[in-house]
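Participant: A predicted structure for the sequence below; I have some questions about it.
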Number of protein chains: 2
Amino acid sequence: MVLPKVGLFHFHVESYVCDFTGKATLPVMTSFLLDAASNHAQERGFGYEAISKDNVAWVLSRLSIEIDEYPVSNQDIKVETWIEDVGKFFTQRCFRFIDEKEKTLGYARSIWAAIDVQTRRPVDIIKWRADLADYIVENKICPIEKMEKIPSVDAVEPIMGYSVRYSDIDINRHMNSIKYIEHVVNIFDLIIFKENFIRKFEIVYLVEGIFGDKLKLYRQNISENEYIIDTKRNEESICRTRLIWQKNEK
Amino acid sequence: MVLPKVGLFHFHVESYVCDFTGKATLPVMTSFLLDAASNHAQERGFGYEAISKDNVAWVLSRLSIEIDEYPVSNQDIKVETWIEDVGKFFTQRCFRFIDEKEKTLGYARSIWAAIDVQTRRPVDIIKWRADLADYIVENKICPIEKMEKIPSVDAVEPIMGYSVRYSDIDINRHMNSIKYIEHVVNIFDLIIFKENFIRKFEIVYLVEGIFGDKLKLYRQNISENEYIIDTKRNEESICRTRLIWQKNEK
């Protein structure tokens, strides 16, 4: 059986993954994306387990998410995912969030590297798995702009700090991609989440955080609703994010 | 269609919910339990949404989990759940973790209160929903002892502190049950998780944590493998846990 290039995965928004507004959080929406990506790859023979036989792992490099409407508690949603491009060192994967009535809730675009799990160096994807190109979907639109560079933040005083602990560490012994996002959204007060939602979120992963790292978050307000947040270990940026708030409709 | 009293729910252990040992974490196993409980209740007409029409919410009061073997990345597991007892102010719900080959991985027992969401006071469950007793399963064994009192910890110096932030807060505007557990397991060094697994975990929720609370964790080593961890707001215990480690087999 040949699977379609576009994968479709179903999720249920449990009440206990919702925030105090009764909606799924950005980290939860991100975990749905990663879940869909992981299943899509697994079903087609290039998932975590299959490629670990080659000593290779997928590493998320960049992610850009735009959400018009967050699903609420107890809602069923679907995530469509497909590969948009396969390059020498990066693949691009897109996503679409869809509600029960087939309405689009949002989109996302991600960039992945394949790394050698021993050396942590990038693998030449085309030499390693030329067959991945067979899964490229052309002519399917993901209306998210290509990500631009996220500048560093000049702020001198961190807004928050944390130590990388057990629950932050993933199966690759590095910091879990979703945990960076969870710590970033935690710098905002509840009052902001009450009156607004995160319309757009971009993250670029620069250096892999490890257990015991003491990380500091620096925040810069770019425009009224837009923030850049820099997560640093000493002077070095570990990951950078751009976050745009939008007021709730009355 | 009348649903069976015992519910059976399927889960897939995604690689990104695994810790660095490649196994599902205790907080993830707990989220499977809560997911199963939530679905079991929902299908039978006493889930979050149905009871919120009565201004009532289920609140987890105590949880005791014993796990012989944690599922690994990419494994499918099942959770069986059933109601063992319905009392005036508490219901008891049990769980069994089962692997793909029908082997039992562990059990859990939980105690829930129903509270009035406005007053936060307990509701008399028997007066409110006498029909819940119809779901009691007799003669099904959950080999977990009834939970005993967890004593307070005498330690003067906290081992860790944290502020309750956005991602810790649930749909009821109180701290998420799983987040307490995540912070508790985070007090241990990776080296302990490398050589051992959490064989038994008990938690009693005493006071509901709220946004901005500055909580401190106090740890006491009761015997070689056994710890009591007290999460306090100032002098007051918010929740207490007992945790027993077991050495991995070679």
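Facilitator: Everything's here; your move. Numbers count the residues shown, from 1 in each chain, chains lettered A, B, ... in the order given.

Participant: Who are the contact partners of the residue nearest the centre of chain A?
Facilitator: Geometric centre of chain A, nearest residue: residue A:63, 4.6 Å, by C-alpha atoms, centre = their mean. Residues near residue A:63 by C-beta atoms under 8 Å, 6 or more residues apart in numbering or on different chains: A:30, A:33, A:108, A:109, A:110, A:111, A:177, A:201, A:202, A:203. For glycine as for every other residue, the C-beta is placed from the backbone atoms N, C-alpha and C.

Participant: so where is chain A shaky, pLDDT-wise?
Facilitator: In the predicted model of chain A, residues A:1 satisfy pLDDT under 70.

Participant: Check it for its longest helix and report it.
Facilitator: For chain A, the helix with the greatest residue count under DSSP state H is helix A:26-43.

Participant: wait, does it contact chain B?
Facilitator: Yes. Applying C-beta under 8 Å from any C-beta of the partner chain, one finds that helix A:26-43 is in contact with chain B at A:27, A:31, A:34, A:35, A:38, A:42.

Participant: which residues sit in contact with the last one?
Facilitator: This points to residue A:42. Residue A:42 neighbours (C-beta under 8 Å, 6+ apart): A:48, A:49, A:50, B:74.

Participant: picking up where we left off before, are any of the residues of helix A:26-43 next to chain B buried, and which?
Facilitator: For the residues of helix A:26-43 next to chain B, a burial check counting by 16 or more other C-beta atoms under 10 Å in any protein chain shown picks out A:27, A:31, A:34, A:35, A:38, A:42.

Participant: from those residues, which single one is nearest residue A:219?
Facilitator: Residue A:219 has its nearest neighbour among these in residue A:27, at 17.8 Å by C-beta to C-beta.

Participant: how far away is that closest one from residue A:187?
Facilitator: 13 Å (C-beta to C-beta, to the nearest Å).

Participant: Same check on residue A:82?
Facilitator: 33 Å.

Participant: Settle it for me: which of these two has more neighbours?
Facilitator: Under the criterion of other C-beta atoms under 10 Å in any protein chain shown, the comparison of residue A:82 against residue A:187 puts residue A:82 first, with 21 against 18.

Participant: quick one, phi/psi of residue A:72?
Facilitator: The phi/psi pair for residue A:72 (degrees, to the nearest 10) reads phi -100, psi 170.

Participant: List the beta-bridge partners for it.
Facilitator: residue A:23 (DSSP bridges).

Participant: farthest pair in the contacts of residue A:42?
Facilitator: A:50 and B:74 (10.0 Å).

Participant: picking that back up, I'd like the contacts of residue A:63 laid out as TSV, including neighbour count.
Facilitator: What follows is these, written out as TSV (neighbours: other C-beta atoms under 10 Å in any protein chain shown):
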residue	neighbour count
A:30	24
A:33	23
A:108	25
A:109	21
A:110	26
A:111	22
A:177	22
A:201	21
A:202	21
A:203	26
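
Participant: of those residues, closest to residue A:230?
Facilitator: The closest of the contacts of residue A:63, once distances to residue A:230 are taken by C-beta to C-beta, is residue A:203, at 11.3 Å.

Participant: can you confirm the residue nearest to the centre of chain A is in a strand?
Facilitator: Yes. Residue A:63: assigned to a strand according to DSSP: H, G, I helix; E, B strand; the rest coil.

Participant: so how far is residue A:19 from it?
Facilitator: 20 Å.

Participant: Same check on residue A:70?
Facilitator: 9 Å.

Participant: go on, residue A:245?
Facilitator: Residue A:245 is 14 Å from residue A:19, by C-beta to C-beta.

Participant: residues from chain A in reach of chain B?
Facilitator: Residues of chain A lying near chain B (C-beta under 8 Å from any C-beta): A:14-16, A:18-20, A:22, A:25, A:27, A:31, A:34-35, A:38, A:42, A:47-49, A:73-74, A:165-167, A:169-173, A:176-178, A:182, A:185-186, A:188, A:190, A:193, A:211.

Participant: related to what we said a few turns ago, for residue A:245 and residue A:19, indicate the residue with more neighbours.
Facilitator: Set residue A:245 next to residue A:19 and count neighbours by other C-beta under 10 Å: residue A:19 wins out with 25 against 18.

Participant: How about the contacts made by the closest residue to the more buried one other than its chain neighbours?
Facilitator: Of all residues beyond its chain neighbours, the one nearest residue A:19 is residue A:25 (4.9 Å), with distances taken as C-beta to C-beta, 6 or more residues apart in numbering or on different chains. With contact taken as C-beta under 8 Å, 6+ apart, residue A:25 is in contact with A:17, A:18, A:19, A:185, B:166, B:167.

Participant: Recalculate using a threshold of 10 Å.
Facilitator: A:17-19, A:31, A:70, A:181-182, A:185, A:193, A:198, B:166-167, B:169 (C-beta atoms under 10 Å, 6 or more residues apart in numbering or on different chains).
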